[in-house]
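*Asks:* only geometry, no sequence info:
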């Protein structure tokens, strides 16, 4: 088969008032306008589905095959409100399918895109109460603020979150989450980082987020970054670093945190010399301030003339990024390539080790993997700079200290190390989908 789905992806049959794709300007590449709502993609890639286009047979098959976990966009459990938000009469009954899935042993992680004046306040409280009844089948629920671009011509009028409405939502969610923790052993419900930023509040501490089960939905992402950064800094010597200047480009929302981390790092290691540039989102509008929606055009326009070495992520699905990655791997010839960890590695067998090319992976990847740290942290056979070997030694020491009792293959590890060294055979690189 040419594609891993073996046929076409299933499209969305809803007409949500807040749909982000409806808020895109014209003239972009065609794939950006496709609205997927495919249960297979939810299982394979973690995308969220609404369950409105599943037939009885398809729902039954998911239960029979134990396809778990899956991510579901709930938005509201009140049938009337859910239909109003999603523009689809089939959206009315969400609790029925959720009860069937959880009764079959399927773990469901949910999200609520919260729209002031619609599914917030008492509607939100009702949704939380009804979803909590399905715990632990419903493992976690994220509450994220509606994203509104400047391209909303002829669309429903929606109100963005302001400081007060964000604070009210946080207070409501945290109060009920505390009740769930006492009665059910988990908070279950978490607000996204973006809501805390809009409310002007500090993020909760590391332990608040439990297993960071909604990390990909922007829940606890900034807290985890800071926690791992500070832990890594403890393992860093004051004289480390090249002294070469660099630039960190990010969205307006995350810029203060990165600036804080950069200054903290510089206080300990004088050779850390960087600057943070907050990219204002001229493309989508200034109400959009998250880093994940910064566009290439805004990066180029606002970094022109002031960027040094630029650190930026490599989107795994972007062809240009893959091409650049291939060139870097080919030119390394067994050397070292410093990259953020793309999600594609999560499904990769890391036991195929060799010495043809090396990737240094950031610690967030290790936290996501359920693998034996002893397998992941490998000393390569080739000649590697002493500085890298020193970090590998620290990683091993940290792993020995922080591993919990039990089979390594079923644990998650969050280690205070700067990076991990993985050495792949050339065939393994092809297996990763990077060629």
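*Replies:* Happy to help now that I have it. What you see is a predicted model, and the numbers here were worked out from it, not measured in a lab.
*Asks:* which residues does residue 72 bridge with?
*Replies:* residue 49, residue 110 (DSSP bridges).
*Asks:* what's the neighbour count on it?
*Replies:* Applying other Cβ atoms under 10 Å, we find 24 residues neighbouring residue 72. C-beta here means a position set from N, CA and C on the backbone, and glycine is covered the same way.
*Asks:* show me what contacts it?
*Replies:* 42, 48-51, 94, 98, 108-111 (Cβ atoms under 8 Å, 6 or more residues apart in numbering).
*Asks:* by neighbour count, which of the residues you listed wins?
*Replies:* Ranking these using other Cβ under 10 Å puts residue 110 first, with 27 neighbours.
*Asks:* tell me how far it lies from residue 48.
*Replies:* 8 Å (Cβ to Cβ, to the nearest Å).
*Asks:* try residue 41
*Replies:* The separation that residue 41 has from residue 48, given Cβ to Cβ, amounts to 9 Å.
*Asks:* as CSV, the contacts of residue 72 with pLDDT would be great.
*Replies:* Converted to CSV, the contacts of residue 72 look like this (pLDDT from 0 to 100):
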residue, pLDDT
42, 76
48, 91
49, 91
50, 95
51, 93
94, 97
98, 97
108, 94
109, 95
110, 97
111, 97
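*Asks:* looking at the residues you listed, which is nearest residue 27?
*Replies:* residue 48 (26.6 Å; Cβ to Cβ).
*Asks:* that closest one contacts residue 111, doesn't it?
*Replies:* Yes: Residue 48 is within contact range of residue 111, at 5.7 Å (criterion: Cβ atoms under 8 Å).
*Asks:* which neighbours do these two share?
*Replies:* 71-73.
*Asks:* now these as a markdown table including distance to residue 262 and pLDDT?
*Replies:* Formatted as a markdown table, the shared contacts of residue 48 and residue 111 follow (distance: Cβ to Cβ, whole Å; pLDDT from 0 to 100):
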| residue | distance to residue 262 | pLDDT |
| --- | --- | --- |
| 71 | 33 | 92 |
| 72 | 38 | 96 |
| 73 | 36 | 96 |
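*Asks:* return the closest of those residues with respect to residue 123.
*Replies:* residue 73 (15.2 Å).
*Asks:* what residues are bridge-paired with the spatially closest residue to residue 170 that is not a sequence neighbour?
*Replies:* In space, and not counting its chain neighbours, residue 170 is closest to residue 191: 5.2 Å by Cβ to Cβ, 6 or more residues apart in numbering. Beta-bridge partners of residue 191, counted by DSSP bridges, are residue 143.
*Asks:* ok, now which ones touch residue 191?
*Replies:* 142-144, 169-170, 173-174, 219.
*Asks:* which two in those are spaced the farthest apart?
*Replies:* 144 and 174 (15.2 Å).
*Asks:* contacts for the longest helix that the chain contains next, please.
*Replies:* For the chain, the helix with the greatest residue count under DSSP state H is helix 163-184. Contact partners of helix 163-184, identified using Cβ under 8 Å, 6+ apart, comprise 114, 116, 120-121, 124-125, 128-129, 132, 135-136, 143, 145, 159, 161, 186-191, 195-196, 198-201.
*Asks:* go with 7 Å
*Replies:* 114, 116, 120, 124-125, 128, 132, 135, 143, 145, 186-191, 195-196, 198-201 (Cβ atoms under 7 Å, 6 or more residues apart in numbering).
*Asks:* among those residues, which ones are buried?
*Replies:* 114, 116, 120, 124, 128, 132, 135, 143, 145, 186-191, 195-196, 198-199 (16 or more other Cβ atoms under 10 Å).
*Asks:* just the ones of those in strands?
*Replies:* Secondary structure from DSSP state E places 114, 143, 145, 189-191 of these in strands.
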